[in-house]
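**Student:** coords below, sequence missing:
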């Protein structure tokens, strides 16, 4: 057999051998002898608690680059303070990597709204709307309706760090309440008028001689203008046929 024929017959085998040798060499180069020029690794320095500018300087010195990430409110951290870093402190990372820094947007604040003149529930809703809470509630004697807000501490317009609580000073009502004139009113209307003044209505007597429609107040005790303590009951006499709810 001629040399040329032998070479042609061996060519496929020689190609396979050459390909296998090349693959083995590639594995050795990649995993045993890493490619020269790959950036060396270093541990990411801890920059938590520094300002963004201070953190960026420290990262640059260590061979990294700083990138600002999320900005969020934080009660205990001044504005621009680094809250977190990614990759985290101490992580072995190739030099030149961008380190993402989340920073504080500072302390969230709100102005105390003016809730004077509102009742307690209205005041609570107004405070809740701006992120404030009701703290203590102090009652003071006042001619104003019971529960009406007289003042707040701190006063309206004060800038506060959230979360904060507001002290409400509310009316405890007057020391005495004048009983209104209720004769001639339907029972429901008379009861509502008394409740607005912090009084209560009681019934029990029925006026069978009255010509008024059923359920109309024909007499009251105490009488109109009597000074009674808040929470006192006023006894109402109703025309015959009344069905009290």
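**Tutor:** Thanks, I have the structure now. In this text, all values refer to a predicted model and were calculated from it rather than measured experimentally. Residues are numbered from 1 along each chain as shown.
**Student:** Only C-alpha atoms from now on, for both contacts and neighbour counts.
**Tutor:** OK.
**Student:** which residue is nearest the centroid of the protein?
**Tutor:** residue 131 (5.9 Å; Cα atoms, centre = their mean).
**Student:** what residues go with each domain of the chain?
**Tutor:** What automatic domain parsing lists as the domains of the chain is 1-38, 41-104, 109-171, 177-239.
**Student:** mind giving me TSV with the ones you listed and columns for mean pLDDT?
**Tutor:** As requested, the domains of the chain are exported to TSV (pLDDT from 0 to 100):
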stretch	mean pLDDT
domain 1-38	52
domain 41-104	94
domain 109-171	94
domain 177-239	93
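**Student:** Mind giving me the packing neighbours of the one helix or strand residue 59 maps to?
**Tutor:** Here residue 59 sits within helix 52-61, counting by DSSP states H and E. Identification of packing neighbours for helix 52-61 by 3 or more Cα pairs under 8 Å, 6 or more residues apart in numbering; DSSP states H and E yields strand 65-72.
**Student:** Around the residue lying closest to residue 145 once chain neighbours are set aside, count how many other residues there are.
**Tutor:** In space, and not counting its chain neighbours, residue 145 is closest to residue 173: 5.5 Å by Cα to Cα, 6 or more residues apart in numbering. Residues near residue 173, counting by other Cα atoms under 10 Å, number 21.
**Student:** And residue 228, by the same measure?
**Tutor:** Quick note: residue 228 (other Cα under 10 Å) scores 17 neighbours.
**Student:** Surely it and residue 178 touch.
**Tutor:** Yes. Using Cα atoms under 8 Å, residue 228 and residue 178 qualify as a contacting pair, with a distance of 6.4 Å.
**Student:** Spit out the contact partners of the residue nearest to residue 145.
**Tutor:** Residues in contact with residue 173 (Cα atoms under 8 Å, 6 or more residues apart in numbering) are 140-147, 198, 230.
**Student:** Check the gap between it and residue 58 for me.
**Tutor:** Distance of residue 173 to residue 58, given as Cα to Cα, to the nearest Å: 64 Å.
**Student:** Same check on residue 78?
**Tutor:** Distance, residue 78 to residue 58, using Cα to Cα: 19 Å.
**Student:** just residue 80 next, same as before
**Tutor:** Separation of residue 80 from residue 58 (Cα to Cα) stands at 15 Å.
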